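Chemist: no FASTA, just this:
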(Lines give C-alpha, C1' and ligand atoms only; values in the text may rest on other atoms or scores of the structure.)
Protein backbone atom coordinates (compact mmCIF):
# COMPACT_ATOMS: atom_id res chain seq x y z
CA UNK A 1 0.00 0.00 0.00
CA UNK A 2 2.94 2.36 0.62
CA UNK A 3 3.78 2.27 -3.11
CA UNK A 4 0.38 3.67 -4.14
CA UNK A 5 -0.18 7.38 -4.81
CA UNK A 6 -3.60 8.98 -5.35
CA UNK A 7 -3.50 11.78 -7.94
CA UNK A 8 -6.41 14.22 -8.27
CA UNK A 9 -6.44 16.27 -11.47
CA UNK A 10 -8.07 19.70 -11.15
CA UNK A 11 -10.20 18.96 -8.07
CA UNK A 12 -12.86 21.63 -7.57
CA UNK A 13 -14.14 21.27 -4.00
CA UNK A 14 -12.31 21.10 -0.69
CA UNK A 15 -15.01 18.88 0.78
CA UNK A 16 -14.32 16.22 -1.84
CA UNK A 17 -10.56 16.43 -1.28
CA UNK A 18 -11.13 16.04 2.46
CA UNK A 19 -13.35 13.01 1.81
CA UNK A 20 -10.66 11.51 -0.44
CA UNK A 21 -8.10 11.90 2.35
CA UNK A 22 -10.43 10.16 4.79
CA UNK A 23 -11.05 7.30 2.34
CA UNK A 24 -7.30 6.93 1.93
CA UNK A 25 -6.73 6.86 5.69
CA UNK A 26 -9.47 4.23 6.12
CA UNK A 27 -7.44 1.79 4.02
CA UNK A 28 -3.85 2.73 4.73
CA UNK A 29 -2.98 4.97 1.78
CA UNK A 30 -0.78 7.97 2.61
CA UNK A 31 0.41 9.65 -0.61
CA UNK A 32 -1.75 12.32 -2.26
CA UNK A 33 -0.98 14.68 -5.13
CA UNK A 34 -3.19 17.49 -6.44
CA UNK A 35 -2.72 18.67 -10.01
CA UNK A 36 -3.94 22.23 -10.68
CA UNK A 37 -6.42 22.31 -7.79
CA UNK A 38 -9.10 25.01 -7.76
CA UNK A 39 -8.01 28.27 -6.18
CA UNK A 40 -8.60 28.38 -2.44
CA UNK A 41 -9.35 24.67 -2.15
CA UNK A 42 -7.30 24.34 1.04
CA UNK A 43 -9.31 27.17 2.60
CA UNK A 44 -12.64 25.46 1.90
CA UNK A 45 -14.52 25.23 5.26
CA UNK A 46 -15.59 21.66 4.43
CA UNK A 47 -12.02 20.39 3.93
CA UNK A 48 -11.18 19.56 7.54
CA UNK A 49 -14.65 18.32 8.65
CA UNK A 50 -14.78 15.86 5.74
CA UNK A 51 -11.21 14.65 6.32
CA UNK A 52 -11.60 14.28 10.07
CA UNK A 53 -8.57 14.51 12.33
CA UNK A 54 -7.16 11.09 11.43
CA UNK A 55 -6.67 12.10 7.78
CA UNK A 56 -5.40 15.66 8.17
CA UNK A 57 -1.78 14.53 7.93
CA UNK A 58 -2.47 13.30 4.39
CA UNK A 59 -3.66 16.77 3.38
CA UNK A 60 -0.77 18.53 5.10
CA UNK A 61 1.74 16.29 3.30
CA UNK A 62 -0.02 16.41 -0.07
CA UNK A 63 2.06 17.43 -3.09
CA UNK A 64 0.71 20.12 -5.41
CA UNK A 65 1.82 20.56 -9.03
CA UNK A 66 0.60 22.27 -12.19
CA UNK A 67 1.48 19.40 -14.52
CA UNK A 68 0.24 15.80 -14.57
CA UNK A 69 3.41 14.68 -16.36
CA UNK A 70 5.46 15.99 -13.41
CA UNK A 71 3.19 14.23 -10.93
CA UNK A 72 3.69 10.93 -12.75
CA UNK A 73 7.36 11.32 -13.76
CA UNK A 74 8.76 8.57 -11.48
CA UNK A 75 5.63 6.41 -11.60
CA UNK A 76 6.04 2.92 -13.04
CA UNK A 77 2.35 2.09 -13.45
CA UNK A 78 -0.34 4.76 -13.80
CA UNK A 79 -4.06 4.00 -13.72
CA UNK A 80 -6.48 6.51 -15.25
CA UNK A 81 -9.98 6.13 -13.82
CA UNK A 82 -12.81 6.90 -16.24
CA UNK A 83 -16.51 6.09 -16.54
CA UNK A 84 -16.64 7.23 -20.16
CA UNK A 85 -16.00 4.89 -23.06
CA UNK A 86 -15.83 5.56 -26.77
CA UNK A 87 -13.65 5.26 -29.84
CA UNK A 88 -10.48 6.21 -27.97
CA UNK A 89 -11.44 4.51 -24.71
CA UNK A 90 -12.33 0.98 -25.78
CA UNK A 91 -9.54 -1.03 -24.16
CA UNK A 92 -10.01 -0.34 -20.47
CA UNK A 93 -9.85 -2.78 -17.58
CA UNK A 94 -12.34 -3.14 -14.74
CA UNK A 95 -11.35 -2.33 -11.18
CA UNK A 96 -11.15 -5.85 -9.69
CA UNK A 97 -8.89 -7.41 -12.37
CA UNK A 98 -6.75 -4.25 -12.36
CA UNK A 99 -6.14 -4.52 -8.62
CA UNK A 100 -5.53 -8.26 -8.89
CA UNK A 101 -2.92 -7.64 -11.61
CA UNK A 102 -1.22 -5.03 -9.42
CA UNK A 103 -0.95 -7.56 -6.60
CA UNK A 104 0.18 -10.51 -8.73
CA UNK A 105 2.41 -8.87 -11.35
CA UNK A 106 3.55 -5.46 -10.16
CA UNK A 107 4.38 -5.85 -6.50
CA UNK A 108 6.84 -3.15 -5.46
CA UNK A 109 6.15 -0.90 -8.46
CA UNK A 110 5.51 2.80 -7.87
CA UNK A 111 1.84 3.14 -8.79
CA UNK A 112 -0.38 6.18 -9.29
CA UNK A 113 -4.18 6.10 -9.41
CA UNK A 114 -5.32 9.16 -11.36
CA UNK A 115 -8.80 10.66 -10.93
CA UNK A 116 -10.26 13.58 -12.88
CA UNK A 117 -12.18 16.66 -11.75
CA UNK A 118 -15.70 16.31 -10.46
CA UNK A 119 -17.56 17.65 -13.49
CA UNK A 120 -15.64 16.33 -16.53
CA UNK A 121 -13.32 13.59 -15.32
CA UNK A 122 -10.04 12.93 -17.11
CA UNK A 123 -9.44 14.31 -20.60
CA UNK A 124 -8.06 12.19 -23.43
CA UNK A 125 -4.77 14.03 -23.00
CA UNK A 126 -4.68 13.06 -19.31
CA UNK A 127 -5.46 9.42 -20.13
CA UNK A 128 -2.61 9.30 -22.65
CA UNK A 129 -0.24 9.62 -19.70
CA UNK A 130 -1.81 6.59 -18.00
CA UNK A 131 -0.85 3.01 -18.79
CA UNK A 132 -4.29 1.55 -18.06
CA UNK A 133 -7.78 3.00 -18.25
CA UNK A 134 -9.68 1.64 -15.27
CA UNK A 135 -13.46 1.48 -15.04
CA UNK A 136 -15.52 0.92 -11.89
CA UNK A 137 -18.65 -1.02 -12.96
CA UNK A 138 -21.92 0.65 -12.00
CA UNK A 139 -25.58 0.44 -12.91
CA UNK A 140 -25.94 1.71 -16.52
CA UNK A 141 -28.47 4.40 -15.56
CA UNK A 142 -25.81 6.31 -13.58
CA UNK A 143 -22.19 5.51 -14.36
CA UNK A 144 -20.42 8.47 -12.73
CA UNK A 145 -19.29 8.30 -9.12
CA UNK A 146 -18.50 11.00 -6.62
CA UNK A 147 -14.73 11.57 -6.54
CA UNK A 148 -14.25 10.29 -3.01
CA UNK A 149 -16.51 7.28 -3.69
CA UNK A 150 -14.30 6.25 -6.60
CA UNK A 151 -11.14 6.59 -4.50
CA UNK A 152 -12.80 4.68 -1.64
CA UNK A 153 -13.72 1.73 -3.88
CA UNK A 154 -10.20 1.56 -5.29
CA UNK A 155 -8.63 1.77 -1.83
CA UNK A 156 -10.97 -0.91 -0.49
CA UNK A 157 -10.13 -3.33 -3.31
CA UNK A 158 -6.42 -2.73 -2.76
CA UNK A 159 -6.74 -3.27 0.97
CA UNK A 160 -8.76 -6.47 0.50
CA UNK A 161 -6.22 -7.99 -1.88
CA UNK A 162 -3.35 -6.91 0.38
CA UNK A 163 -5.03 -8.66 3.32
CA UNK A 164 -5.55 -11.86 1.28
CA UNK A 165 -1.96 -12.01 0.05
CA UNK A 166 -0.14 -10.79 3.15
CA UNK A 167 3.10 -12.71 3.63
CA UNK A 168 2.97 -14.31 0.18
CA UNK A 169 6.12 -14.22 -1.93
CA UNK A 170 5.46 -11.97 -4.93
CA UNK A 171 7.67 -11.50 -7.97
CA UNK A 172 8.87 -7.96 -8.46
CA UNK A 173 9.37 -6.55 -11.94
CA UNK A 174 11.14 -3.26 -12.61
CA UNK A 175 9.09 -1.08 -14.94
CA UNK A 176 10.04 1.95 -17.01
CA UNK A 177 8.80 5.19 -15.47
CA UNK A 178 6.21 7.42 -17.11
CA UNK A 179 8.99 9.94 -17.80
CA UNK A 180 11.05 7.29 -19.61
CA UNK A 181 8.04 6.17 -21.62
CA UNK A 182 7.10 9.72 -22.58
CA UNK A 183 10.62 10.19 -23.92
CA UNK A 184 10.23 7.01 -25.96
CA UNK A 185 6.82 8.04 -27.31
CA UNK A 186 8.20 11.40 -28.37
CA UNK A 187 11.11 9.68 -30.13
CA UNK A 188 8.76 7.16 -31.77
CA UNK A 189 6.43 9.91 -32.97
CA UNK A 190 9.30 11.78 -34.64
CA UNK A 191 10.48 8.68 -36.50
CA UNK A 192 6.98 7.63 -37.59
CA UNK A 193 6.36 11.14 -38.86
CA UNK A 194 9.66 11.13 -40.76
CA UNK A 195 8.86 7.87 -42.58
CA UNK A 196 5.32 9.03 -43.39
CA UNK A 197 3.55 6.51 -41.18
CA UNK A 198 1.57 9.18 -39.33
CA UNK A 199 -1.21 10.79 -41.33
CA UNK A 200 -1.27 14.57 -41.18
CA UNK A 201 -5.05 14.75 -40.71
CA UNK A 202 -5.06 12.72 -37.47
CA UNK A 203 -1.57 12.26 -35.97
CA UNK A 204 -2.92 11.78 -32.44
CA UNK A 205 -4.87 8.67 -33.45
CA UNK A 206 -1.78 6.68 -34.39
CA UNK A 207 0.18 7.73 -31.31
CA UNK A 208 -2.76 6.91 -29.06
CA UNK A 209 -2.84 3.43 -30.62
CA UNK A 210 0.90 3.07 -30.05
CA UNK A 211 0.51 4.00 -26.40
CA UNK A 212 -2.19 1.40 -25.96
CA UNK A 213 -0.05 -1.28 -27.63
CA UNK A 214 2.89 -0.72 -25.30
CA UNK A 215 0.63 -0.36 -22.26
CA UNK A 216 -0.59 -3.95 -22.72
CA UNK A 217 2.90 -5.23 -21.94
CA UNK A 218 4.56 -2.56 -19.85
CA UNK A 219 8.22 -2.15 -20.88
CA UNK A 220 11.05 -2.20 -18.38
CA UNK A 221 13.94 0.33 -18.58
CA UNK A 222 16.03 -2.07 -20.68
CA UNK A 223 13.15 -2.51 -23.14
CA UNK A 224 12.89 1.27 -23.56
CA UNK A 225 16.66 1.55 -24.03
CA UNK A 226 16.60 -1.10 -26.78
CA UNK A 227 13.59 0.44 -28.52
CA UNK A 228 15.11 3.90 -28.52
CA UNK A 229 18.40 2.49 -29.77
CA UNK A 230 16.51 0.90 -32.65
CA UNK A 231 14.80 4.22 -33.45
CA UNK A 232 18.15 6.00 -33.43
CA UNK A 233 19.50 3.47 -35.93
CA UNK A 234 16.46 4.06 -38.15
CA UNK A 235 17.18 7.81 -38.13
CA UNK A 236 20.84 7.19 -39.04
CA UNK A 237 19.82 4.83 -41.87
CA UNK A 238 17.39 7.42 -43.23
CA UNK A 239 20.03 10.14 -43.16
CA UNK A 240 22.54 7.89 -45.00
CA UNK A 241 19.94 6.99 -47.60
CA UNK A 242 19.18 10.66 -48.15
CA UNK A 243 22.88 11.51 -48.59
CA UNK A 244 23.31 8.73 -51.16
CA UNK A 245 20.28 9.99 -53.05
CA UNK A 246 21.59 13.55 -53.05
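Modeler: All right, it came through fine. Every value quoted in this text rests on a predicted model; they were computed, and no experiment measured them.

Chemist: in this structure, which spans are strands?
Modeler: Assigned strands in the chain, in chain order: 4-9, 31-35, 63-65, 77-81, 93-94, 111-115, 132-135 (criterion: DSSP state E).

Chemist: so for residue 239, which of the ones you listed sits nearest?
Modeler: Put simply, out of the strands of the chain the one that sits nearest residue 239 is strand 77-81, at 34.7 Å, with distance taken as C-beta to C-beta. Every residue, glycine included, has its C-beta placed from N, CA and C.

Chemist: just to revisit the earlier point, could I get the strands of the chain in a markdown table, plus columns for mean pLDDT and distance to residue 182?
Modeler: What follows is the strands of the chain, written out as a markdown table (pLDDT from 0 to 100; distance: least, C-beta to C-beta, whole Å):
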| stretch | mean pLDDT | distance to residue 182 |
| --- | --- | --- |
| strand 4-9 | 96 | 16 |
| strand 31-35 | 97 | 16 |
| strand 63-65 | 96 | 15 |
| strand 77-81 | 93 | 11 |
| strand 93-94 | 90 | 21 |
| strand 111-115 | 96 | 14 |
| strand 132-135 | 92 | 16 |
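
Chemist: can I get those strands in CSV with distance to residue 234?
Modeler: As requested, those are exported to CSV (distance: least, C-beta to C-beta, whole Å):
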stretch, distance to residue 234
strand 4-9, 34
strand 31-35, 35
strand 63-65, 34
strand 77-81, 28
strand 93-94, 32
strand 111-115, 32
strand 132-135, 29
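
Chemist: let's have those in TSV, adding mean neighbour count and distance to residue 125.
Modeler: Formatted as TSV, the strands of the chain follow (neighbours: other C-beta atoms under 10 Å; distance: least, C-beta to C-beta, whole Å):
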stretch	mean neighbour count	distance to residue 125
strand 4-9	24	10
strand 31-35	21	12
strand 63-65	14	16
strand 77-81	25	11
strand 93-94	13	20
strand 111-115	24	12
strand 132-135	21	13
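
Chemist: which one of those lies closest to residue 163?
Modeler: Comparing the strands of the chain against residue 163 with C-beta to C-beta, the closest turns out to be strand 4-9 (14.7 Å).

Chemist: between the closest one and strand 111-115, how many degrees?
Modeler: 30 degrees (axes from the mean of the first three to the mean of the last three C-alpha atoms, to 10 degrees).

Chemist: which strands and helices lie in contact with strand 4-9?
Modeler: Secondary-structure packing of strand 4-9 (3 or more C-beta pairs under 8 Å, 6 or more residues apart in numbering; DSSP states H and E): helix 14-26, strand 31-35, helix 68-72, strand 111-115, helix 147-164.
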